[in-house]
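>>> fold the stuff below for me.
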Amino acid sequence: QRTMPTIRDFGAFLGGNALSPQVITRKHLIAFRDQRAKTVARATANSDISRIKAFVNFLRVEECVNGDPTFKIGRLKISRIAKKAIGPAHLVSLLAAFEGHWLHDLAIVLANVGLRPQEALHIRACDIETDRPLIHIVNYEGWQIKDSEERRLEVIKEVHAILLRRKVAAVNGESPLFPSPTGIAWDYENFTKIWREKRGRVPVAPYDLRHFFATQSVNGGWSIEKLSRYLGHSSVLTTEQYYLDKRALEIGAPPVTTPRVAKEA
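Here you go, the predicted model:
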């Protein structure tokens, strides 16, 4: 289920949907990995290249490919920022750095809802319910969620107030709540440039806030199963292995609702 979309993307990268094993070279694999790293998190790009390498090795066994084009293709280095667990103090510093900028609203949403950054950037005005604190994370033309995990999420009232305010300011129902200067959803590479520029010396990347939400939620009493569904993971193992500070799994944490880590200014 996870491998086939990656293989299709790789086939398209090679010049068409019909993947020809004979043309695969180490140069193609490295170029594909580097291209993916521009649009997704580095950990995701590493996962994609691992799937492609497994696929190519299968083709080698079937004698469809000569040699080993995957030889010495390393994983992208993950920045220390991405590895570093962040806490409420980091969030306070980040919000102070973003004060007066639209990133302030976005950071509050990411920290309190745990969305993938690209999901948040593609939320439209019509995805926000007016009378209930619910947001819809859905596929639509020109945009597809990772793993196609559509879901409806309940949010705290402070986040809902921010989303409603931005919904009212939107041009129409199809407009993104956090639009680029051209009025459409941000290109992720340009978005991360703005994020790095505005955050200054605060060592928090957009995706860190998703990990922060996961850890805070389990510390607050959420089950792994509930958190996994909320985050849109297709497997609980993904949630356990990649999104939690293991200290958050201690038994006896008091049950709470979605953690209130930041309120609307």
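
>>> CA atoms for contacts and neighbours, from now on please.
Fine.

>>> burial count for the nearest residue to Asp127 once chain neighbours are set aside?
Leaving aside its chain neighbours, Asp127 sits nearest to His136 (5.0 Å; criterion: C-alpha to C-alpha, 6 or more residues apart in numbering). Around His136 there are 16 other residues, counting by other C-alpha atoms under 10 Å.

>>> you'd agree His136 is in a strand?
Yes. Assessed with DSSP: H, G, I helix; E, B strand; the rest coil, His136 lies in a strand.

>>> roughly how far does it sit from Arg124?
His136 sits at a distance of 9 Å from Arg124 (criterion: C-alpha to C-alpha, to the nearest Å).

>>> bridged to the residue nearest to Asp127, which residues?
Beta-bridge partners recorded for His136 (DSSP bridges): Arg152.

>>> pLDDT weak spots in the stretch 151-265 of the chain?
242-265 (pLDDT under 70).

>>> what are the ranges of the strands in the protein?
134-137, 151-154 (DSSP state E).

>>> name the residues that touch the last one?
To tie it back to what came earlier, the one meant is strand 151-154. Contacting residues not belonging to strand 151-154 are listed as Pro133, Leu134, Ile135, His136, Ile137, Val138, Tyr230, Gly232 [C-alpha atoms under 8 Å, 6 or more residues apart in numbering].

>>> pLDDT check: weakest of those residues?
In terms of pLDDT, the least confident member of these is Gly232, at 86.

>>> pull the contacting residues for the nearest residue to it once chain neighbours are set aside.
Here the nearest residue to Gly232 in space, its sequence neighbours aside, is Glu149; by C-alpha to C-alpha, 6+ apart that works out to 5.4 Å. In this structure, Glu149 makes contact with Val138, Gly232, His233, Ser234, judged by C-alpha under 8 Å, 6+ apart.

>>> follow-up on the earlier one: distance to Gly173 for the contacts of strand 151-154 - can I get that in TSV?
What follows is those, written out as TSV (distance: C-alpha to C-alpha, whole Å):
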residue	distance to Gly173
Pro133	17
Leu134	16
Ile135	13
His136	13
Ile137	14
Val138	14
Tyr230	24
Gly232	24
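
>>> right, and Val113 touches Val155 too?
Yes. Using C-alpha atoms under 8 Å, Val113 is in contact with Val155, at 6.7 Å.

>>> more neighbours: which of those two?
Regarding Val113 and Val155, a neighbour count based on other C-alpha under 10 Å identifies Val113 as having more, with 26 against 19.
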